[in-house]
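*Asks:* fold the following and give me the result.
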Amino acid sequence: MFEIRDLNVHFGGIHALKGVSLRVEAGEIVTLIGGNGAGKSTTLRTASGLKKPTSGQVLVDGADITGTSAQERVRLGLSQVPEGRRVFAQMTVLENLELGSYLRRDRPAMAEDLDAVFQRFPVLETRRKQAAGTLSGGEQQMLAMGRAMMARPRILLLDEPSMGLAPLLVNEIFDIITKINESGTTILLVEQNANKALQVADRAYVMETGRIVLSGDATELSKTEDIKRVYLGG
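*Replies:* You can find the predicted model right below:
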């Protein structure tokens, strides 16, 4: 359903991504794990059209979308929840959610999706008129996820959804990720909490210094000695 082929990305003289290839089949949760600076977020930003690659391809349903804009990729069903939430702090919760559907014109369906977001994140409904910048970190993460869901994505790109959250909230966020996937949304998850990511994912890729160095079934990878030692504290 979604594929990256031999992706190379440069920042000036820095070769940030070095021949990265990965695929995500329909209905899967696939996680991309690795240390700080490995290139995980750059991979997502390139996938969503926010960064242009030096070479390589991004494909959806086998069609090459490498040259399309970020806006067009949203139309094609890609939606990203950025690292650090990036909510519009001065706007209300409702206004942030409405921005998520800015490319849509199907008003009745948009209203249904808004109701669905409020059902999934009840706290957002109680704070719908509140400025987004006044929400807690966990609430802002829920808002960022709800905003992305308002685009009705087929493929959801999640960048570090547990960053900076208390352990109880981390569990809640990962429960929500699983439920979003079960409702039919395919997910590519970038996450430093490798333990939680491998628990919810079907397959995993391990990234180091801009390269994919390991891939496979998430449960099986979590049992390997290198992964346990480096990422799971084992």
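*Asks:* contacts only, for the residue positioned nearest the centre of the chain.
*Replies:* Note on the chain: the residue nearest the mean C-alpha position is Leu158, at 1.3 Å, using CA atoms, centre = their mean. Leu158 makes contact with 80-81, 145, 177, 187-191 under the criterion CB atoms under 8 Å, 6 or more residues apart in numbering. Yep, even glycine has a C-beta here, placed from its N, CA and C like the rest.
*Asks:* hang on, Gln192 packs against Leu165?
*Replies:* No. At 11.7 Å, Gln192 and Leu165 do not qualify as touching, with contact defined as CB atoms under 8 Å.
*Asks:* more crowded one of the two?
*Replies:* A direct count of neighbours by other CB atoms under 10 Å for Gln192 and Leu165 places Leu165 higher, at 19 against 16.
*Asks:* contacts only, for the more buried one.
*Replies:* Leu165 neighbours (CB under 8 Å, 6+ apart): 137-138, 141, 173.
*Asks:* tell me the pLDDT at it?
*Replies:* Leu165 carries a pLDDT value of 80.
*Asks:* look up phi and psi at the nearest residue to Phe2 once chain neighbours are set aside.
*Replies:* Nearest in space to Phe2, with sequence neighbours left out and distances taken as CB to CB, 6 or more residues apart in numbering, is Val24 at 4.3 Å. Phi and psi for Val24, reported as degrees, to the nearest 10, are phi -130, psi 120.
*Asks:* regarding the protein, what is its longest helix?
*Replies:* For the chain, the helix with the greatest residue count under DSSP state H is helix 167-182.
*Asks:* so how far is the lowest-mean-pLDDT helix or strand in the chain from its chain's centroid?
*Replies:* Every helix and strand in the chain was compared by mean pLDDT, DSSP states H and E; the lowest is helix 225-230, with a mean of 80. Chain-centre distance of helix 225-230: 24 Å, with CA atoms, centre = their mean, to the nearest Å.
*Asks:* please spell out which residues along the helix or strand harbouring Leu22 are buried.
*Replies:* If you go by DSSP states H and E, Leu22 is part of strand 14-24. By neighbour count on 16 or more other CB atoms under 10 Å, the buried set for strand 14-24 is 16-17, 20, 22-24.
*Asks:* what lines up beside that strand in the sheet?
*Replies:* In its sheet, strand 14-24 lies beside strand 2-11 (antiparallel), with partners assigned from DSSP bridges.
*Asks:* got a list of contacts for the partner strand?
*Replies:* Around strand 2-11, the neighbours that count as contacts under CB under 8 Å, 6+ apart are 15-24, 39, 42-43, 46-47, 51, 53-60, 62, 78, 155, 186, 188.
*Asks:* so for that strand, what's the average pLDDT?
*Replies:* The model assigns strand 2-11 a mean pLDDT of 96.
*Asks:* try stretch 122-135
*Replies:* 93.
*Asks:* who does the closest residue to Pro153 other than its chain neighbours bridge with?
*Replies:* Leaving aside its chain neighbours, Pro153 sits nearest to Ser79 (3.5 Å; criterion: CB to CB, 6+ apart). Going by DSSP bridges, Ser79 is paired in beta bridges with Leu156.
*Asks:* mind listing what Ser79 touches?
*Replies:* So Ser79 contacts 100, 148-149, 151, 153, 155-157 (CB under 8 Å, 6+ apart).
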